[in-house]
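> got a predicted structure here, sequence first:
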Amino acid sequence: MLKSIIEFYKVSKPKPCGDGWTPESERRLKHLQWSTFLSATLGYGMYYVCRLSLNVVKKPIVEEGIFSETELGIIGSVLFFTYAIGKFTNGFLADRSNIRRFMSTGLLVTALVNLCLGFIHSFILFAVLWGISGWFQSMGAASCVVGLSRWFDDKKRGSFYGFWSASHNIGEALTFIIVASIVSAFGWRYGFWGAGLVGLLGALIVWNFFHDTPQSKGLPPVSQPKEKKELTEAEAADYNRAQKQVLLMPAIWILALASAFMYISRYAVNSWGVFYLEAQKGYDTLDASFIISIGSVCGIVGTVLSGFVSDRLFRGKRNAPALIFGLLNTCALCLFLLVPGVHYWLDVTAMILFGLSIGVLLCFLGGLMAVDIAPRNASGAALGVVGIASYVGAGIQDVMSGILIEGNKAVADGVEVYDFTAINWFWIGAALLSTLCTLLVWNVKPGGDK
């Protein structure tokens, strides 16, 4: 059986193709490229709908007494921890897999988990299933990145990668609009079921329109090297030396810490923003979710413009824009959390600023600054260090937020009243610490030299 599973997920066998490129094969390539790109973008957005469904239903779950805030924080953190591990392992597996089947499987399983969660009241079972979902969630990004590498040459890959990177913001916006509408109309169980149905639809889209390799469609590779050769022992030693150098560079670990703190502020709003607006400011689920979705939409703008900002306005330097947008992120959180009372347009403005800043910081602190200073043949190692630290930070955030929210809850006249003072400083403090860490690597040059 194991052998059958391995065979099922192996890279597709190439089909016979003609000699070189013809006008007909180039037209077919373009069609398949767009099919792969669009299905990757939409499919990964639907991954996010299944990943963030819990964030919309936290308040109704607490109100019904199903789970406490601390338990929800623990459940949320389990996904981040399994996702961090899975992102590392599935990156290696995707390189060697039929990515159409690999990505479809991940989305199918996480969709089925969402469908199951609407029926479950057991904390242990809920946490286990949510953790399983986290591991399968990590199959999405790896498949998409490998797909872009297989289908686009070096000249086009960067542009398509930049647009694909906005897919997580698209998924966040879809979650905070579609799932929130379902929850408002029918209740929290239907929120999970709705997200699960979206995931099943996404799995069908990926299965039908996301393609494995050009060779599997009878086309030549899009970027065929002139001479294919195995790594020599000297070259392999060079890679090992470079990766070891990355692990010994203090600047890489400082950037990983900066990204971890940034992810605390990012997922504080994504995971608990709707709950906060409902409990502290009295918004209903739909209005609260709409406000949070604005940050996700603006994150698309921030991500797309991040390269232009650093390359055109700061001549390729990342430190200055990272500092500016780090401070903007801190200010946005202060505006969102520290102004008492209900001020709809003020909250919307805060989310616009938050989304723009997080969009830029995800690009810079989430990997690009580490890649800039790492040896060229160890970019993957640098991204791995930053990625694991980022999601560990996100996981710790969920646990701490749940504990702090529940620990500062009181009942007055039969009504639950929350004191978010500790949470406010936890979230704002994380954003500020991220900015301070960025200052520590201000003058670091490639290779870690100052």
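That came through fine. Computed from a prediction, not measured in an experiment: that's the story for all the values here.
> pLDDT weak spots in the stretch 201-350 of the chain?
Low-confidence segments of the stretch 201-350 of the chain (pLDDT under 70): 223-240, 242-243, 315-316.
> need the helices for it, in chain order.
For the stretch 201-350 of the chain, the helices defined by DSSP state H, counting those that start in this stretch occupy 233-247, 250-281, 285-308, 319-338, 344-363.
> the stretch 351-450 of the chain too?
Using DSSP H, counting those that start in this stretch, helices in the stretch 351-450 of the chain cover 369-373, 379-407, 421-440.
> can you check what angle separates the second one from helix 250-281?
Here the directions of helix 379-407 and helix 250-281 differ by 30 degrees (axes from the mean of the first three to the mean of the last three C-alpha atoms, to 10 degrees).
> which parts of helix 379-407 are buried?
Under the neighbour-count criterion of 16 or more other C-beta atoms under 10 Å, helix 379-407 has 379, 381-406 buried. Where you see a C-beta, it was placed from the backbone N, CA and C, and this is true even at glycine.
> who does it touch, helix- and strand-wise?
Here helix 379-407 touches helix 69-95, helix 233-247, helix 250-281, helix 369-373, helix 421-440, going by 3 or more C-beta pairs under 8 Å, 6 or more residues apart in numbering; DSSP states H and E.
> hang on, the earlier thing: any chance of the helices of the stretch 351-450 of the chain in a markdown table, plus distance to Ala251?
Converted to a markdown table, those look like this (distance: least, C-beta to C-beta, whole Å):
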| stretch | distance to Ala251 |
| --- | --- |
| helix 369-373 | 6 |
| helix 379-407 | 10 |
| helix 421-440 | 8 |
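> outline the domain layout of this protein.
Domain ranges of the chain: 29-223, 242-450, per automatic domain parsing.
> next, the angle from the longest helix along the chain to helix 250-281.
Taking DSSP state H as the criterion, the chain has its longest helix at helix 23-63. Per the same axes, to 10 degrees, the angle that helix 23-63 makes with helix 250-281 is 50 degrees.
> distance from the chain centre to helix 23-63, please.
12 Å (C-alpha atoms, centre = their mean, to the nearest Å).
> what do you get for stretch 161-178?
That offset, for stretch 161-178, works out to 9 Å (C-alpha atoms, centre = their mean).
> quote the end-to-end distance of it.
End-to-end span of stretch 161-178 (C-alpha to C-alpha, to the nearest Å): 26 Å.
> now do that stretch, average pLDDT.
For stretch 161-178, mean pLDDT is 81.
> go on, stretch 138-153?
Mean predicted confidence for stretch 138-153 is 83.
> what are the buried residues along that stretch?
For stretch 138-153, burial by neighbour count (16+ other C-beta under 10 Å) applies to 138-152.
> same check on stretch 340-360?
Residues Asp347, Ala350, Met351, Ile352, Leu353, Phe354, Gly355, Leu356, Ser357, Ile358, Gly359, Val360 are the ones in stretch 340-360 that count as buried (16+ other C-beta under 10 Å).
> any chance of CSV for those, columns distance to Asn98?
Converted to CSV, the buried residues of stretch 340-360 look like this (distance: C-beta to C-beta, whole Å):
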residue, distance to Asn98
Asp347, 45
Ala350, 44
Met351, 40
Ile352, 41
Leu353, 42
Phe354, 39
Gly355, 35
Leu356, 38
Ser357, 38
Ile358, 34
Gly359, 32
Val360, 35
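> related to what we said a few turns ago, of all the helices of the stretch 351-450 of the chain, which lies closest to Ile6?
helix 379-407 (23.9 Å; C-beta to C-beta).
> helix 421-440 and that closest one, what's the angle between them?
160 degrees.
> and helix 379-407 with helix 69-95, angle?
Orientation of helix 379-407 against helix 69-95 (the same axes, to 10 degrees) gives an angle of 170 degrees.
> returning to what we had before: what's the closest of the buried residues of stretch 138-153 to Ala173?
Among the buried residues of stretch 138-153, Gly140 lies closest to Ala173 (C-beta to C-beta), at 17.0 Å.
> the helix or strand hosting that closest one versus helix 23-63: what angle between them?
Using DSSP states H and E, Gly140 maps to helix 123-151. For helix 123-151 against helix 23-63, the angle by the same axes, to 10 degrees is 160 degrees.
> all numbers from here: first residue = 897
Sure, I'll start counting at 897 from here, so that last one is helix 1019-1047.
> by contact count, what packs against helix 1019-1047?
Applying 3+ C-beta pairs under 8 Å, 6+ apart, one finds that helix 1019-1047 contacts helix 919-959, helix 965-991, helix 995-1013, helix 1050-1060.
> how close does the closest residue to Ile1016 other than its chain neighbours sit to Gly972?
Leaving aside its chain neighbours, Ile1016 sits nearest to Phe1022 (5.1 Å; criterion: C-beta to C-beta, 6 or more residues apart in numbering). According to C-beta to C-beta, to the nearest Å, Phe1022 and Gly972 sit 11 Å apart.
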